[in-house]
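Undergrad: Here is a sequence together with a model predicted from it:
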Protein chains: 2
Amino acid sequence: MGAVHGSHAILAEPDTVDEVLDMIRASGGRATTSRRVLLEVLFGGSGHRTAEDLGREVAARAPEVHISTVYRNLDELERMGVVTHAHMGHGPVIYQLASRAHPHLICERCGTRIHAPDELFGHLTRTALRSFGFAVDPRHLAISGVCSQCADR
Amino acid sequence: MGAVHGSHAILAEPDTVDEVLDMIRASGGRATTSRRVLLEVLFGGSGHRTAEDLGREVAARAPEVHISTVYRNLDELERMGVVTHAHMGHGPVIYQLASRAHPHLICERCGTRIHAPDELFGHLTRTALRSFGFAVDPRHLAISGVCSQCADR
DNA sequence: GTACCTGCAAATCTTTTGCACGACA
DNA sequence: TGTCGTGCAAAAGATTTGCAGGTAC
């Protein structure tokens, strides 16, 4: 399994579909088709996908899987620490593998998303902790603003 | 009218209900009861209210005003620059007078909201602009994290 | 008088939940 | 075999929209 980050309460960061299925079995859960396919989709594709996106990709391989099952499985994977969700402002939540999560800058005009490094938030994180005792999680909510292209107009 | 902030594209920052109604009339709009009462509620109360909250307070004074009218009027006030909305993560959007807007830190465990000064974001804002050409708006999306009380548990 | 605004109902979009059936360990 | 998971339908919560009638200017 991958390294566990020091500062985040990540329970586990498995690197493969089978490792996650083993974790599920180990805690009394079952390795079903819908879970296997969802994990394949998550490990196989890019980040930034909504539940609807993931549901569509899962259904392409296993047509009987219902969107409500996708939501339930995403919830469980999130409880296990394998998946995280993030709010981008308007529009639905996006889901990613926890091991690939990172902060986002999102343009409030055109919706463009920029991947930001955690370091961008270092100063804010330290200051918020010192001033308010508040431990910033820069990945859970995007940072809103205006991208350079929109600013030029 | 109040001073206009330098760095934000704020169209106007009126200080009273009547000033806003004058602005509405000046642009061909009408000073209706639902608009007057909504403005009274906005100027009278604290920030951080959802459309539902505002609708309830408006209805207390003018029972016939429908929630859809509140949404429509909030949208128009936002286009005028009088009101802004902000996303707090889970849950509905909150609305405030633009002149009273400020950044928020929101605890992802208990939901506690902390008012933050704009200066907290100075370093992030400068760095994001330099690195990505991205002009951060720290007020439009809250910053997620864990408050000191929840961290102690 | 006429454009603008409103109430109401219904639609939309995202997510959650209840329930009875089906399948993994 | 018994529990856990699933599909389906329906509900829930937030917001938007179409329309016909009402009102400010």
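TA: Looks like it came in fine. Numbers count the residues shown, from 1 in each chain, chains lettered A, B, ... in the order given.

Undergrad: interface residues of chain A facing chain B?
TA: Contact residues, chain A versus chain B (CB under 8 Å from any CB of the partner chain): A:87, A:89-90, A:105-108, A:114, A:116, A:120-121, A:123-124, A:127-128, A:131-138, A:140-148, A:151. C-beta here means a position set from N, CA and C on the backbone, and glycine is covered the same way.

Undergrad: Just the buried ones from those residues?
TA: Neighbour counting with 16 or more other CB atoms under 10 Å in any protein chain shown marks A:87, A:89, A:105-108, A:114, A:116, A:120-121, A:123-124, A:127-128, A:132, A:134-138, A:140-147 as buried within the residues of chain A next to chain B.

Undergrad: Next step: these restricted to helices.
TA: Those of those mapping onto helices are A:His123, A:Leu124, A:Thr127, A:Ala128, A:Phe132, per DSSP state H.

Undergrad: can you pull out the helices in chain A?
TA: Going by DSSP H, chain A shows helices at A:17-26, A:33-44, A:51-61, A:67-80, A:122-132, A:148-152.

Undergrad: Out of these, indicate the one that is most buried.
TA: Ranked by mean neighbour count, those are led by helix A:33-44 with a mean of 19 (mean count of other CB atoms under 10 Å in any protein chain shown).

Undergrad: Report the inter-axis angle for it versus helix A:51-61.
TA: Helix A:33-44 and helix A:51-61 are oriented at 110 degrees to each other (axes from the mean of the first three to the mean of the last three CA atoms, to 10 degrees).

Undergrad: can you list contacts of helix A:33-44?
TA: When contacts are defined by CB atoms under 8 Å, 6 or more residues apart in numbering or on different chains, helix A:33-44 is touched by residues A:16-17, A:20-21, A:24, A:54, A:57-58, A:61-62, A:65, A:69-70, A:73-74, A:77, A:83, A:95-97.

Undergrad: low-confidence ranges in chain A?
TA: Residues of chain A meeting the criterion pLDDT under 70: A:1-12.

Undergrad: Nearest residue to the middle of it?
TA: Centroid-nearest residue in chain A, with CA atoms, centre = their mean: A:Gln96, separated by 2.7 Å.
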